[in-house]
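Colleague: Next come a sequence and a model predicted from it.
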Amino acid sequence: MIMARPNRSHDMQQISLTLPRDLKSSGVVPALECPVQPMDHVIFTPHDKSLLKPTIRGRVMNTLRTAAGNWRCAIVLQGEPFPNGNSVNVYSHEGCFDVVEGHFNG
C-alpha cells in the first residue's frame, strides 16, 4: 500500500511502501516481471471463462504493477485503432497471456 502524507515544512511528500515480502500469502505467487510488454499482440484467456469474462485479443497499451503484486494490463482490442481504440484492463492473476507477436520479434 502506498500512502502519501504532505510534509508541511518542506511541501514534500513522505511515501510508505509495502514490499511484496510483506504481503499476506494468498496461495498465488505474484510475477516479479510483467508477462507481457507494451506493443505485444496478445490473447488473454481468463481462468474462469464466461460471457462476462471472454477471451481478449489485442495489443498491450500499458502495464502497471498493483499494490497486491499482480499486473494490470490495458489491451486495445483487436480491430481497434491503436492506441485510441476501445481497450480493456485485465489482471495477470485472473488468467494467462499468449504472446502472438512480441514487440522485439516483430
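Modeller: Okay, I see it.

Colleague: Give the next helix or strand downstream of the helix or strand containing residue 58.
Modeller: Counting by DSSP states H and E, the secondary-structure element that holds residue 58 is strand 56-65. Per DSSP H and E, strand 56-65 leads on to strand 71-77 as the next helix or strand towards the C-terminus.

Colleague: Now for residue 40, how many residues are close by?
Modeller: If you count neighbours by other CB atoms under 10 Å, residue 40 ends up with 22. Heads up, the C-betas are built off the backbone N, CA and C, glycines and all.

Colleague: right, and the secondary structure at residue 50 would be what?
Modeller: coil (DSSP: H, G, I helix; E, B strand; the rest coil).

Colleague: so what pLDDT did it get?
Modeller: With respect to pLDDT, residue 50 scores 85.

Colleague: Can you give me the neighbour number for it?
Modeller: Look at residue 50: counted by other CB under 10 Å, it has 7 neighbours.

Colleague: got any ranges where the protein has weak pLDDT?
Modeller: Across the chain, the ranges flagged by pLDDT under 70 are 1-31, 104-106.

Colleague: Can you show me the strands along it?
Modeller: Taking DSSP state E, the strands of the chain run over residues 3-7, 12-16, 41-46, 56-65, 71-77, 87-91, 95-101.
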